[in-house]
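Visitor: Sequence first, then the predicted structure:
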Amino acid sequence: MSVSVLESKRLEAVLKGDEEVEVVGTGTDAMAYALMLADIDVTSAYPIRPYGGVMQTVSKLIADGYLKAEYIVAAHEHDQFEIVKHASAVGARTFVGSSGVGWLLAIEAIVVISTDRYPVVALIGNRALDDPGAYGVEHNDALMVRDVGWLLVWVDTAQEALDTTLIAYRVAEDPRVMLPVGISMDGAFLTHSEHVFKIPPKSKVQKFLPPYDLGNRKLHPSNVISVAPQVNEDWVTEIRKQMDEAMKNARKVIVEAYRDFAKIFGRDYGNPFVEPYMVEDADVIMVGMGTVSRPIKEAVRRLRAKGEKVGFLRIRWFRPFPTEDIIHYLSGAKVVAVVDRDYSFGSPFDGGAVYTEIRSALYEAEHRPLIINFIGGLGGREITYNDAINMFNIALDTARKGKVEQRVIWYGVRE
Amino acid sequence: MTVTVRLARTVKDLLQMAQTEYFNAGHRTCQGCESAMVLRWVAKAAGPNTIVIGATGCMYVANTTYYTTAWALPWIHTQLSGTGSAVVGTAAALKALMDKGKLPREKINVIGICGDLGCADAGLSEVSNALTHTKYSFLILMYDNESSANTDIQETTMTPYGALTTFSPSGKQIRIMKYRWKKNMAAMMVVGHPEVRYVATAIATDPIDLYNKVRKALEIGGPTFIHTLDPCPKGWGYDPKYSHEIGKLAVETGIWPLFEIEDGKFRLTSTSARIARGEVKRKPVKEYIRRQTRFKHLTDEDIEYIQRKVDEMWEKWLIPGLIPLTKELPYPETKQ
């Protein structure tokens, strides 16, 4: 049972006042407060760690009357995702989520949410896929849906989780997009660790996030339409192409959303797609997603103090993929070292999914840096500051030699 | 509390009460499709203030091929096993939006339609979960043509004992591949979900009975469930012109008892009630079975076995067709 639900006075302050409130809570708590501010209409829950934390806070907010939403405990993940799909079709703002194999049990419903173009927002509390059972973070669960029309974003702090949730609804529900968003949070490291974060007042959220409007696609007796009829082979190509346009539009809409977010809330994330950290003059740039940023940033600071030109690039939005930004920030480096908290068995050069995407993006760069790949932290194993230093040393060594000796390194494997 | 609903007593009543079609021409179901007849009557009984959700199944494939939808009601597809979830999501969204003043408050019927594979097999847990969400109102209609009919007639748990399907052929070594007895869905739904206020079986052959049951289910509110048996010329193997006759025989032979359970009260209806009262004699099951090529390989002994099982259901069960508890059980327990 979550104990992080705020006392009523502070919740009423953000719901009725104009000031933001600073609190301590987990990444999932932060997301739950964002759902309260976004005034979601329908949500469905099913227990699995580490996603479950968000519903523990959401259910308490509903029970206490701070969030008025229909809250449905489902039979399993497929049920969960079908429930929100159909609630969204009626015009309700919805939230759902899961982790690991649970997220994949819902895959059939996950796919129809995007192919039917419903702006559902979901939490993917990243978790290793069974077997063997492990609660810890691994990104393969979210990456399994990289090709089915979901926008995917990785967050790094509780504050970013809260802010990104509000941004996600704004982007997903934009008429130019109308695609679902999956917000990835590293299991345990972010979902269950406590941070200081600020809850903005609802009055500002209302300025930022317009009401969800499905327009003439809304399912209601006054609007006699047939949604998702069987098209056979006649129309699938056109429907997929429309999704492609929507996904491409999302790049522009994301920029607009972050710009307005900074204006209204005063928190500026800079480049929405990636977080560059000391990359301007760096010879060696590490790339990663999620909370791996923290030990790596610490390593960057200490190596910089010793005069090493190193930097870090955190990928925030993985779909749509920030191709231009990747080329912009990475093509000046001598060595790019991608840390994958996932693995793609049998992929080109047998590496991680992020590594493969970055190699692909950099193929178009005028200057192609050397690229190496670390597979690390699988199943929730910690990547420490010392690990980050070791990885940087391998990358710096690669830069000195001017050639890649080993493309993909499984970091820290017990032999 | 019994809900007062205007019911049809005669065909004339029915024709007066349900003149408008909401399931129209334009569909591509097979000739003699009784499932299409079920949908037609369900739509008539529900009327215009209705949202229909159709799971994958033959009634998805045949009715909503792009440009030819038969539905004059708002309609949306759900996945094969998604009916229970879809009706809950729809009803919950309507409730949330009405509670928040984003939609005008009015009664909107939510009807989820699933075939036997989607409902009794793949979607069973979602339907079961839905039937526990008593704060929402919806009807789940399971149209049962005893096979997966749009994927070339494959066996489901609803396929009757002995029937041929493409997954249960008859061979030199094994004559009867479908050796499993048909699952008792309506009973399972009513016994397992004690707060559901209305569960019924029906058949398109008896449209008065079907129409009234749909009206009752929608009026009584909360989650409700109706199971229809739908003769299928393609899957069962008979000339399409006999669909109604085959349906009638299913009831007259006692294979398909028509009943309803309203607020826990069981009642056989229509012909099944007349059989129970002794006004009509049950016909031998052979008359039903020998009319369909799906049973052509059955021997007289096989049919006798089926007859024995049906007799047992009528003569020995506490409630015919509903709960396979026999009257011989010491109930209530007597002290020696």
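Guide: That came in fine, so what should we check first?
Visitor: what are the ranges of the strands in the stretch 1-150 of chain A?
Guide: A:21-26, A:42-45, A:70-73, A:94-98, A:121-126 (DSSP state E, counting those that start in this stretch).
Visitor: Residue 60: neighbouring residues, count only.
Guide: Looking at chain A here, since you left the chain open. By other C-beta atoms under 10 Å in any protein chain shown, the residues close to residue A:60 number 18. C-betas here are computed from N, CA, C, even on glycine.
Visitor: hm, I was asking about chain B
Guide: 23.
Visitor: OK, contacts around it?
Guide: When contacts are counted by C-beta atoms under 8 Å, 6 or more residues apart in numbering or on different chains, residue B:60 touches A:230, B:54, B:77, B:150.
Visitor: Now the residues you listed in a markdown table, please, with extra columns for distance to residue A:153 and pLDDT.
Guide: Formatted as a markdown table, the contacts of residue B:60 follow (distance: C-beta to C-beta, whole Å; pLDDT from 0 to 100):
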| residue | distance to residue A:153 | pLDDT |
| --- | --- | --- |
| A:230 | 33 | 89 |
| B:54 | 34 | 97 |
| B:77 | 28 | 97 |
| B:150 | 39 | 89 |
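Visitor: Which two among those residues are spaced furthest apart?
Guide: B:77 and B:150 (13.3 Å; C-beta to C-beta).
Visitor: picking that back up, just the buried residues of the contacts of residue B:60.
Guide: A:230, B:54, B:77, B:150 (16 or more other C-beta atoms under 10 Å in any protein chain shown).
Visitor: can you tell me which of the residues you listed are in strands?
Guide: B:54, B:77 (DSSP state E).
Visitor: With respect to residue B:106, which of the buried ones among the contacts of residue B:60 is nearest?
Guide: residue B:54 (22.7 Å).
Visitor: Tell me how far the closest one lies from chain A.
Guide: 9 Å (C-beta to the nearest C-beta, to the nearest Å).
Visitor: Across the sheet, point out what pairs with that residue.
Guide: Beta-bridge pairing for residue B:54 (DSSP bridges): residue B:77, residue B:113.
Visitor: quick one, what contacts it?
Guide: B:60, B:63-64, B:75-78, B:112-114.
Visitor: Quick check: beta-bridge partners of the residue in the stretch 301-415 of chain A positioned nearest to chain B?
Guide: Residue nearest to chain B within the stretch 301-415 of chain A (C-beta to the nearest C-beta): residue A:319, separated by 22.7 Å. Beta-bridge partners recorded for residue A:319 (DSSP bridges): residue A:152.
Visitor: doesn't residue A:247 make contact with it?
Guide: Yes. Between residue A:319 and residue A:247 there is a contact at 7.2 Å, judged by C-beta atoms under 8 Å.
Visitor: what about the two, which has more around it?
Guide: Neighbours were counted for residue A:319 and for residue A:247 using other C-beta under 10 Å; residue A:319 has more, 22 against 18.
Visitor: For that one, give its distance to residue B:141.
Guide: According to C-beta to C-beta, to the nearest Å, residue A:319 and residue B:141 sit 38 Å apart.
Visitor: If you average pLDDT per helix and strand, which one of the chain comes out bottom?
Guide: Since you didn't name a chain, this refers to chain A. helix A:8-16 (a mean of 91; mean pLDDT, DSSP states H and E).
Visitor: Compute the inter-axis angle for that helix and strand A:21-26.
Guide: Counting by axes from the mean of the first three to the mean of the last three C-alpha atoms, to 10 degrees, helix A:8-16 points 110 degrees away from the direction of strand A:21-26.
Visitor: what residues does helix A:8-16 touch?
Guide: Outside helix A:8-16, the residues touching it (C-beta under 8 Å, 6+ apart) are A:19-21, A:23, A:33, A:36-37, A:61, A:64, A:66, A:199-202.
Visitor: Can you flag the buried ones in these?
Guide: Buried members of the contacts of helix A:8-16, scored by 16+ other C-beta under 10 Å, are A:20-21, A:23, A:33, A:36-37, A:61, A:66, A:199-202.
Visitor: Reformat the residues you listed into JSON lines and put distance to residue B:159 next to each item.
Guide: Formatted as JSON lines, the buried ones among the contacts of helix A:8-16 follow (distance: C-beta to C-beta, whole Å):
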{"residue": "A:20", "distance to residue B:159": "61"}
{"residue": "A:21", "distance to residue B:159": "60"}
{"residue": "A:23", "distance to residue B:159": "58"}
{"residue": "A:33", "distance to residue B:159": "51"}
{"residue": "A:36", "distance to residue B:159": "49"}
{"residue": "A:37", "distance to residue B:159": "52"}
{"residue": "A:61", "distance to residue B:159": "47"}
{"residue": "A:66", "distance to residue B:159": "51"}
{"residue": "A:199", "distance to residue B:159": "56"}
{"residue": "A:200", "distance to residue B:159": "58"}
{"residue": "A:201", "distance to residue B:159": "60"}
{"residue": "A:202", "distance to residue B:159": "55"}
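Visitor: which bits of the stretch 151-300 of chain A sit near chain B?
Guide: Neighbours of chain B within the stretch 151-300 of chain A, by C-beta under 8 Å from any C-beta of the partner chain: A:211, A:219-221, A:223-232, A:234-235.
Visitor: What's the PyMOL syntax to select whichever of these are buried?
Guide: Here is the PyMOL command that selects the buried residues among these (16+ other C-beta under 10 Å):
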select buried, chain A and resi 219+220+225+226+227+228+229+230
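Visitor: which pair in the residues of the stretch 151-300 of chain A next to chain B spans the largest distance?
Guide: A:211 and A:232 (36.0 Å).
Visitor: Go through stretch B:228-242 and flag the buried ones.
Guide: Buried-residue list, stretch B:228-242, by 16+ other C-beta under 10 Å: B:228-238, B:242.
Visitor: right, I mislabeled it, should have said stretch B:6-14
Guide: B:8, B:14.
Visitor: Residues contacting it, please?
Guide: B:17-18, B:207-208, B:211-212, B:215-216.
Visitor: so residue A:208 sits right up against residue A:165, yeah?
Guide: No. Look at residue A:208 against residue A:165 with C-beta under 8 Å: they stay out of range, at 11.7 Å.
Visitor: most distant residue from the middle of chain A?
Guide: residue A:222 (36.7 Å; C-alpha atoms, centre = their mean).
Visitor: And the pLDDT for that residue?
Guide: With respect to pLDDT, residue A:222 scores 97.
Visitor: element containing residue A:327?
Guide: helix A:323-330 (DSSP states H and E).
Visitor: The residue of the stretch 201-336 of chain B found nearest chain A: how many residues sit nearby?
Guide: Per C-beta to the nearest C-beta, residue B:223 is where the stretch 201-336 of chain B lies closest to chain A, at 12.6 Å. By the criterion of other C-beta under 10 Å, residue B:223 has 30 neighbours.
Visitor: For it, give me its contacts.
Guide: B:87, B:130-134, B:136-138, B:140, B:193, B:196.
Visitor: now, which of these sits nearest chain A?
Guide: residue B:133 (6.7 Å).
Visitor: So that closest one is in contact with residue B:88, correct?
Guide: Yes. Using C-beta under 8 Å, residue B:133 is in contact with residue B:88, at 5.3 Å.
Visitor: where in chain A is pLDDT low?
Guide: A:1-5 (pLDDT under 70).
Visitor: Now with 50, please.
Guide: A:1-3 (pLDDT under 50).
Visitor: And the helices in it?
Guide: A:8-16, A:27-37, A:52-63, A:77-90, A:100-105, A:107-115, A:140-143, A:158-172, A:202-208, A:236-265, A:293-305, A:323-330, A:353-362, A:385-401 (DSSP state H).
Visitor: which non-adjacent residue is nearest residue 281?
Guide: All of this is about chain A. residue A:309 (5.8 Å; C-beta to C-beta, 6 or more residues apart in numbering or on different chains).
Visitor: please go with chain B instead
Guide: Residue B:281's closest residue in space is residue B:275 (C-beta to C-beta, 6+ apart), at 7.6 Å.
Visitor: can you list contacts of the helix or strand containing the one you found?
Guide: According to DSSP H and E, residue B:275 maps onto helix B:270-276. Helix B:270-276 has contacts (C-beta under 8 Å, 6+ apart) with B:206, B:208-209, B:248, B:251-252, B:254, B:257-259, B:267-268, B:280-282, B:314, B:320-321.
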